[in-house]
Each structure stands twice: as C-alpha cells, then as structure tokens.
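1. With the sequence up front, the predicted model follows.
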Amino acid sequence: MVLELKLRKVGNSVGVVLPKDAMAKLNVREGDSVCLTDAPDGSLRVTPVTEGREQFAKQMKVAEDVIRRYRNTLRELAK
C-alpha cells in the first residue's frame, strides 16, 4: 500500500490524516496512539502503540538520557 498524505495545520502544530484503509491496516481507531520509529534505511515506520511498546518507549527514553549524560565515559569504555 502506497499512500501520499498531505500535511495539515492543526492549531500550532502540523498533522497527518490517516485514511480508513491505513487505519484498518494498522488496526487502530480514533483516539489510539501510533509510534514513529527510525527504520534502518532512513525512513520512518508507523506502528500502533501497545501497552508493551509504551513501556519500551519509556525505557528507551531513560537509556537515551543516560547515553547523553555519559557520552564521553561510554566512548572511552568502547575503546
């Protein structure tokens, strides 16, 4: 499925409206959350957020904070 979607202004932000077909394929409905993640080829992947994914996202946020704070230490340890 290839869909070209238009970005639209929503208040002070910009949003994308998903057509019914895309929502059915993702198995989401209005009010559900989706997650954008980096794919290895540089693109973005849209996936539905499940309870496990929310927990994973929180853990990744903590890990990224630790990596950012201890960047130099981790670089030295990697040598």
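-> Nice, thanks for sending it over. Numbers count the residues shown, from 1 in each chain.
2. Report the rounded mean pLDDT for the helix ranked longest in the chain.
-> Longest helix in the chain by number of residues (criterion: DSSP state H): helix 51-69. For helix 51-69, mean pLDDT is 85.
3. so what does that helix touch, helix or strand wise?
-> The helices and strands touching helix 51-69, judged by 3 or more C-beta pairs under 8 Å, 6 or more residues apart in numbering; DSSP states H and E, number zero. Bear in mind the C-beta positions are built from the backbone N, C-alpha and C, glycine included.
4. The residue most central in space within the chain: which element?
-> Most central in the chain under C-alpha atoms, centre = their mean is residue 36, positioned 2.2 Å from the mean C-alpha point. Assessed by DSSP states H and E, residue 36 sits inside strand 34-38.
5. what residues does the longest helix of the chain touch?
-> Defining contact as C-beta atoms under 8 Å, 6 or more residues apart in numbering, one finds that helix 51-69 is touched by 33, 35, 47, 49, 74.
6. let's see 6 Å
-> residue 35 (C-beta atoms under 6 Å, 6 or more residues apart in numbering).
7. I'd like the numbering to begin with 33 instead of 1 from here.
-> Sure thing, new numbering starts at 33, so read that last one as helix 83-101.
8. how about the lowest-mean-pLDDT helix or strand in the chain: buried residues?
-> Among the helices and strands of the chain, helix 83-101 carries the lowest confidence by mean pLDDT, DSSP states H and E, at a mean of 85. Residues of helix 83-101 classed as buried: none (neighbour count, 16 or more other C-beta atoms under 10 Å).
9. That's all I had, so thanks and see you.
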